[in-house]
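S.K.: got a structure for you, letters missing:
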């Protein structure tokens, strides 16, 4: 014990030895360190008690918990949009702030190909009804169509600033809404084209009805037009007191296309009969228990809407974090599901009364619309989720995040 004095550690007051670290004589190279870290399970590190709080700065706030199956991290900017191919649900397309779109496999995250040549953030991307084609559109209005099999660009066209882009439900036809108020329709790849002249303001939202013959378009001035795609005329115009008092943000139709539900920055959701053009009902917080001040009412935009396929229920998601479930037959509020932050997007499961949301806190949440209770939530993004989509079986959610990542989550439910 010659060197006992060297080994003695002076403890002051109530200090205790937490861990003795043995310093090797040989300095470790970065490779050695990398090898050691390979054995560390980072997923579990987040489950420890809150002893580590306060260590991250805001900028480097990593998601403590990652419930995702896999992460697609080729993008170098916020990921704005994600779609699944409708036939197999095996391929995703994502578009981002880095002026790029990628088609990739949700099974292993492998990239199939990059949609090259965009000049601005890619904000719209999706697959055709038969999954043979994909389209990508950037904010500047450059739209491209791609053949999945050959991974090649087969068509390209430039419009004014792009607001939305949607494939026809049963033909290789693409529709787009632009900032100048026009809706465009093209046959792909021939490029035959038709335009539908709206009011002189942005065509902010659009939905092709399931019959493939009509499209409902909402505009910045709060008006709505139901277009006959073949004849090229507006069958119904909904404006004034019937219309919204602010820009349209979202739109969905029920299974047979007889009803459309619209949402707007005016805080209202409206239910419209597509054959008569009549507004059947308006949904807002005014007819819920809490009376908001006018200021709150003004700022509480509707962000997303949707119909339940199995029960007469609709869901309306608001910027203040409320998910409202309304009864379609009585038009009364059933449940208020509260998120701590704003809801970005909602989607009903195809064959149940469960509705999924993504929010500005980076979380995907599943809600049971019958009870209003939360079923489960999934974390993993370190920034807001800007878009997400469920597969047909609702066993998987694919998300697009402000943290430059797209993620695949397996949705485990006890009743499945």
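M.R.: Right, received. Where do you want to start? Values in this document were obtained by computation on a predicted structure and should not be read as measured data.
S.K.: List phi and psi for residue 301.
M.R.: Torsion angles at residue 301 (phi, psi; degrees, to the nearest 10) stand at phi -70, psi 150.
S.K.: Could you report the neighbour count for residue 392?
M.R.: Around residue 392 there are 13 other residues, counting by other CB atoms under 10 Å. Glycine gets a C-beta too; all of them are placed from N, C-alpha and C.
S.K.: where does it land in three-state SS?
M.R.: Under DSSP: H, G, I helix; E, B strand; the rest coil, residue 392 falls in the coil class.
S.K.: Residue 347 is in contact with that one, correct?
M.R.: No. If you go by CB atoms under 8 Å, residue 392 and residue 347 don't touch, sitting 11.6 Å apart.
S.K.: Now do the contacts for residue 145.
M.R.: 133-135, 153-156, 174, 188-189 (CB atoms under 8 Å, 6 or more residues apart in numbering).
S.K.: Mind giving me the packing neighbours of the host helix or strand of residue 184?
M.R.: Using DSSP states H and E, the element containing residue 184 is strand 182-187. Applying 3 or more CB pairs under 8 Å, 6 or more residues apart in numbering; DSSP states H and E, one finds that strand 182-187 contacts strand 173-178, strand 193-197.
S.K.: Direction included, what does it pair against?
M.R.: The strands that strand 182-187 pairs with in its sheet are strand 173-178 (antiparallel), strand 193-197 (antiparallel) (by DSSP bridges).
S.K.: What residues are bridge-paired with residue 91?
M.R.: residue 105.
S.K.: What of residue 366?
M.R.: With DSSP bridges as the rule, residue 366 is bridged to residue 356, residue 376.
S.K.: tell me, how many neighbours does it end up with?
M.R.: Neighbour number of residue 366 under other CB under 10 Å is 21.
S.K.: where's it relative to residue 356, distance?
M.R.: Look at residue 366 and residue 356: by CB to CB, to the nearest Å, they are 5 Å apart.
S.K.: Please apply the same query to residue 226.
M.R.: In terms of CB to CB, residue 226 sits 28 Å off from residue 356.
S.K.: Same drill for the two, tell me which one is more crowded.
M.R.: More crowded of residue 226 and residue 356, by other CB under 10 Å: residue 356, with 26 against 21.
S.K.: That one is in contact with residue 346, isn't it?
M.R.: Yes. At 6.8 Å, residue 356 counts as touching residue 346 under the criterion of CB under 8 Å.
S.K.: In contact with the residue nearest to residue 110 when sequence neighbours are not counted, which residues?
M.R.: Closest residue to residue 110 in three dimensions, ignoring its sequence neighbours and counting by CB to CB, 6 or more residues apart in numbering: residue 104, at 6.3 Å. Going by CB under 8 Å, 6+ apart, residue 104 touches 72, 74, 91-94, 110-112, 406.
S.K.: swap the cut-off to 7 Å and go again
M.R.: By CB atoms under 7 Å, 6 or more residues apart in numbering, the residues touching residue 104 are 72, 92, 110-112.
S.K.: And residue 398, by the same measure?
M.R.: Residue 398 touches 82, 84, 92, 106, 388-389, 406, 408, counting by CB under 7 Å, 6+ apart.
S.K.: Show me what the nearest residue to residue 343 once chain neighbours are set aside bridges to in the sheet.
M.R.: Among residues not flanking residue 343 along the chain, residue 317 sits closest, at 3.8 Å (CB to CB, 6+ apart). On the basis of DSSP bridges, residue 317 is bridged to residue 304, residue 323.
S.K.: What residues does residue 317 make contact with?
M.R.: Residue 317 neighbours (CB under 7 Å, 6+ apart): 303-304, 323, 343, 346, 357.
S.K.: How about residue 392?
M.R.: By CB under 7 Å, 6+ apart, the neighbours of residue 392 are 89, 350.
S.K.: and the gap between it and residue 112?
M.R.: Applying CB to CB to residue 392 and residue 112 gives a distance of 20 Å.
S.K.: try residue 263
M.R.: From residue 263 to residue 112 the distance is 34 Å (CB to CB).
S.K.: So which of the two has more stuff around it?
M.R.: residue 263 (27 against 15).
S.K.: What is the helix or strand hosting the more buried one packed up against?
M.R.: Using DSSP H and E, residue 263 falls within strand 259-264. Contact partners of strand 259-264 among helices and strands, from 3 or more CB pairs under 7 Å, 6 or more residues apart in numbering; DSSP states H and E: strand 248-253, strand 269-273, strand 302-307.
S.K.: same thing but 8 Å
M.R.: Contacts defined by 3+ CB pairs under 8 Å, 6+ apart place strand 259-264 against strand 214-218, strand 248-253, strand 269-273, strand 302-307, strand 313-318.
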